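> Need coordinates for the following:
(2 chains)
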There are 2 protein chains.
Amino acid sequence: MQANLREHIEKIIALTEEEFAFVYSHFSIKKFKKHQFIIQKGDPVKYSYFVVSGLLKLVHTDTKEKEHIVSFAMEDWWESDYYAFYTQTEATMSLECLEDTEVLCCSYDDYKKLRDGLQKMERFFLEKATFGFLGSQRRIISWQTSNSKERYEQLLKQYPSLFQRVPKSLIASYLGVSRETLSRLSS
Amino acid sequence: MQANLREHIEKIIALTEEEFAFVYSHFSIKKFKKHQFIIQKGDPVKYSYFVVSGLLKLVHTDTKEKEHIVSFAMEDWWESDYYAFYTQTEATMSLECLEDTEVLCCSYDDYKKLRDGLQKMERFFLEKATFGFLGSQRRIISWQTSNSKERYEQLLKQYPSLFQRVPKSLIASYLGVSRETLSRLSS
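Model (predicted):
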């Protein structure tokens, strides 16, 4: 558990034993079962979650009660309703387990303590936020420039393991295509 | 010019005179005419640009040579081909002036000097990156959950001045709708 987080952070910054102990002291461990909600719409969003094992879906429900998958998160990913987390407001999305999942949780106060207490961690968060922004921008461009078939193929190429682990109906929701279109694409 | 940048940065962090002088020494001023390219696809991307006055479009051209507006940038916005900027690779997008434009330019080396030399600036960049990510995520959700009419109305509400300054064909490209659909929406 500790090793996963350390390896993940050290892809960006090197930490001494003492520094990592300081970092790790700001996390708590939680385990969830498949289908359990980590965040429900309307909840206060207390934590940012680092996925140690398992798989999550971040879901936005529209005014017609239709679910849209905003993102998936698997091992080594961070996930939360980040708008609510950073602004300390109520969740507008929900975060649900698609498999039994173990996460390391960092509260907003602990995030601030890490960011302020160790400049290396501020660098780490800056890198993650920057590449989070770039990933979202790439996804916007993909919506603008690609049709369903191309978006499906891009996703398959980028995250092949997702297709083994996630029902097709959820892949369709993530890509913004109907279940029928996806069946045609993947057959 | 200095005042614009200082006011912009001080929305997030407070700077002493000396600190701001240090920050400002890492920028250079450039002026461009309407229709001029600041970045062309294939160029090395040397700078991140803070818009002092004017209006820019960031454009992705697809394999069929069709242009898609990834974003607009006006006063107080930062813009660049950020993937190319942060990875120091060649531009895959172009940045073009829709009006005469004045920018403050910060090179990648100077970005790193500011980030490393003044922890307050690392905080500033972290805030900008975080809210850049959140803005992109909101736009993805808008593509997933809203039809053309709703996306048009959201944009009009968020940036009313854009509709005075930008031709409708470009608004259509940003929203991913045809010019004809947009005319119907805005009539």
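
> Correct me if wrong: A:Leu162 contacts A:Phe72.
Yes: at 6.2 Å, A:Leu162 and A:Phe72 qualify as touching, with contact defined as C-beta atoms under 8 Å. In this view, the C-beta of every residue, glycine as well, is placed from N, C-alpha and C.

> Quick check: A:Phe163 vs chain B, distance?
20 Å (C-beta to the nearest C-beta, to the nearest Å).

> give me phi/psi at that residue?
The phi/psi pair for A:Phe163 (degrees, to the nearest 10) reads phi -70, psi -20.

> On the three-state scheme, the closest residue to it other than its chain neighbours is what?
The shortest distance from A:Phe163 to any non-neighbouring residue, by C-beta to C-beta, 6 or more residues apart in numbering or on different chains, is to A:Leu156 (6.0 Å). Here A:Leu156 takes the helix state, with states given by DSSP: H, G, I helix; E, B strand; the rest coil.

> what's around A:Leu156, how many residues?
Neighbour count for A:Leu156, taken as other C-beta atoms under 10 Å in any protein chain shown: 14.

> So for A:Leu162 and A:Phe72, which sits in the more crowded spot?
A:Phe72 (20 against 16).

> Secondary structure of the more buried one: a strand, I assume?
Yes: counting by three-state DSSP, A:Phe72 is found in a strand.

> Cross-check the contact I'm expecting between it and A:Leu175.
No: applying C-beta under 8 Å, one finds A:Phe72 not in contact with A:Leu175, separated by 11.5 Å.

> which residue ranges form the helices in chain A?
Ranges of helices in chain A, per DSSP state H, are A:2-10, A:17-24, A:82-87, A:108-117, A:119-145, A:148-158, A:162-165, A:168-175, A:179-186.

> Nearest to B:Gly132 among those helices would be which one?
helix A:119-145 (4.3 Å; C-beta to C-beta).

> what angle separates that closest one from helix A:17-24?
50 degrees (axes from the mean of the first three to the mean of the last three C-alpha atoms, to 10 degrees).

> the inter-axis angle of helix A:119-145 versus helix A:108-117?
Using the same axes, to 10 degrees: helix A:119-145 against helix A:108-117 is 110 degrees.

> residue ranges with poor pLDDT in chain A?
A:187 (pLDDT under 70).

> where does it come near chain B, residue by residue?
A:60, A:62, A:66, A:68, A:70, A:82-83, A:86, A:115, A:119, A:122-123, A:125-126, A:129-134, A:136-141, A:143-145, A:176 (C-beta under 8 Å from any C-beta of the partner chain).

> are any of these buried, and which?
Burial by neighbour count, 16 or more other C-beta atoms under 10 Å in any protein chain shown: within the residues of chain A next to chain B this picks out A:60, A:68, A:70, A:82-83, A:86, A:115, A:122-123, A:125-126, A:129-134, A:136-141, A:143-145, A:176.

> Chain neighbours aside, what residue packs nearest to the residue nearest the centre of chain A?
The residue lying closest to the centre of chain A (C-alpha atoms, centre = their mean) is A:Glu79, at 3.1 Å. Nearest residue to A:Glu79, sequence neighbours excluded (C-beta to C-beta, 6+ apart): A:Ala73, at 3.7 Å.

> Look up how far chain B lies from the one you found.
13 Å.

> residues near that residue, how many?
A:Ala73 has 21 nearby residues by other C-beta under 10 Å.

> residues contacting it?
The contact partners of A:Ala73, by C-beta atoms under 8 Å, 6 or more residues apart in numbering or on different chains, come to A:49, A:51, A:55-58, A:79.

> Which ones among those residues lie within strands?
A:49, A:51, A:55-58, A:79 (DSSP state E).

> Tell me the one of those residues nearest chain B?
A:Leu58 (9.3 Å; C-beta to the nearest C-beta).

> can you pull up the bridge partners for that closest one?
A:Leu58 has these beta-bridge partners by DSSP bridges: A:Ser71, A:Leu95.

> ok now do it, which residues does it touch?
With C-beta under 8 Å, 6+ apart, A:Leu58 has these contacts: A:69-73, A:79, A:81, A:93-95.

> quick one: it from A:Met74, how far?
Shown here: A:Leu58 relative to A:Met74, a distance of 12 Å by C-beta to C-beta, to the nearest Å.

> Kindly report the same for A:Lys112.
Distance from A:Lys112 to A:Met74, by C-beta to C-beta: 27 Å.

> what about those two, which has more around it?
The residue with more neighbours, out of A:Lys112 and A:Met74, is A:Met74; 19 against 11, by other C-beta under 10 Å.
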